[in-house]
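Trainee: Provide a 3D model corresponding to the input given below.
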Amino acid sequence: MRNVELYTSETCVYCHAAKEFLSANNIRYTEYNITKDVQARKALMKKGYMSVPLIIIDGKEIRGFDKEELSQALKL
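Mentor: I've put the predicted structure just below:
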């Protein structure tokens, strides 16, 4: 089972699309909402990012929502 982490914000349409894509493919993930969680925002910034979505699959960081790249990373 893959470890999938997803950094999101409330108003990010790409974050919503990423969540829908993962759910549609039955991929379990842990969501860190930077709008609601200050610690999540700090963790995102510590990684060197200021924007979402950030998707981390088994340690591999994917910036933004790219269906093809996600499919390859998840071996779908």
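Trainee: quick one, helices of the protein?
Mentor: Assigned by DSSP state H, the helices in the chain fall at 13-24, 38-46, 67-74.
Trainee: would you mind listing the buried residues in the second one?
Mentor: By neighbour count, and taking 16 or more other Cβ atoms under 10 Å as the criterion, the buried residues in helix 38-46 are Ala40, Arg41, Ala43, Leu44. For the C-beta atoms, the positions are set from N, CA and C on the backbone; glycine is no exception.
Trainee: and that helix, what other elements does it pack with?
Mentor: If contacts are counted by 3 or more Cβ pairs under 8 Å, 6 or more residues apart in numbering; DSSP states H and E, helix 38-46 sits against strand 4-8, strand 30-33.
Trainee: looking at these, which is buried most?
Mentor: strand 4-8 (a mean of 22; mean count of other Cβ atoms under 10 Å).
Trainee: and Ser19, how close does it get to Gln39?
Mentor: Residue 19: Lys, not Ser. Look at Lys19 and Gln39: by Cβ to Cβ, to the nearest Å, they are 20 Å apart.
Trainee: meant to ask about Gly48
Mentor: 17 Å.
Trainee: Ile27: what's it in contact with?
Mentor: Arg2, Val4, Leu74 (Cβ atoms under 8 Å, 6 or more residues apart in numbering).
Trainee: give me phi/psi at it?
Mentor: Per-residue torsions, Ile27: phi -100, psi 120 (degrees, to the nearest 10).
Trainee: let me have the helices of the chain in CSV, extended by distance to Glu31 and mean pLDDT.
Mentor: CSV is the format used below for the helices of the chain (distance: least, Cβ to Cβ, whole Å; pLDDT from 0 to 100):
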stretch, distance to Glu31, mean pLDDT
helix 13-24, 7, 97
helix 38-46, 9, 96
helix 67-74, 15, 94
